[in-house]
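> this one's structure only:
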């Protein structure tokens, strides 16, 4: 393991930051960045903090995340989030470890599944599912569920039947499932 000593640069925070706020930056050796496969076009990393150390790792691609989860035999739901005919976001919901991976394919955050949140939590995912369904508290929900052929309120099940279409927008969802890392038919 190669190690280097470095100093953190401390700057006065700008923009809408409160008075006296500072920001911290660290320069990394180019050789390390190159070895990680990062570039000006591919610069997203995952930062992890365990209380004493910070780890920087390359964010996996959508396919890498999917392959790792499948190789581990996880139960997954893949959601493809569209606006009209444009695929805006691809989502992997790992039901085995309750993690979420999202890849946004459009630049305007209003068209993406989680807005400007690029690292949604499991709670964010569940909230997203609920946002693509009729509310559970709506009058006549029992009749609606009966019409769809669903025994009880389940956001993912409702989305399977309705494709998550809502009257307020042109977004919709396509679902693909994996059980034990294998695609379901």
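Structure's in. What do you need? Note that the structure is a prediction, hence the values are computed from the model and not measured. Numbering: from 1, shown residues only.
> Who does the spatially most central residue of the chain form a beta bridge with?
With the centre of the chain defined as its mean C-alpha position, the nearest residue by CA atoms, centre = their mean is residue 102, 2.9 Å away. Under the criterion DSSP bridges, residue 102 forms beta bridges with residue 91.
> Give me the pLDDT for it.
On pLDDT, residue 102 comes in at 95.
> residues contacting it?
89-92, 112-114, 118-120 (CB atoms under 8 Å, 6 or more residues apart in numbering). From N, CA and C alone the C-beta is placed, and that goes for glycine too.
> Filter those residues down to just the buried residues.
89-92, 112-114, 120 (16 or more other CB atoms under 10 Å).
> got the residues you listed as a markdown table, with pLDDT and distance to residue 150 columns?
What follows is the buried ones among the contacts of residue 102, written out as a markdown table (pLDDT from 0 to 100; distance: CB to CB, whole Å):
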| residue | pLDDT | distance to residue 150 |
| --- | --- | --- |
| 89 | 97 | 25 |
| 90 | 97 | 25 |
| 91 | 97 | 22 |
| 92 | 96 | 24 |
| 112 | 96 | 28 |
| 113 | 95 | 23 |
| 114 | 96 | 25 |
| 120 | 94 | 25 |
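> Dump those residues into JSON lines; add distance to residue 182 as well.
Listed next are the buried ones among the contacts of residue 102 as JSON lines, based on distance: CB to CB, whole Å:
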{"residue": "89", "distance to residue 182": "24"}
{"residue": "90", "distance to residue 182": "19"}
{"residue": "91", "distance to residue 182": "19"}
{"residue": "92", "distance to residue 182": "15"}
{"residue": "112", "distance to residue 182": "29"}
{"residue": "113", "distance to residue 182": "25"}
{"residue": "114", "distance to residue 182": "27"}
{"residue": "120", "distance to residue 182": "25"}
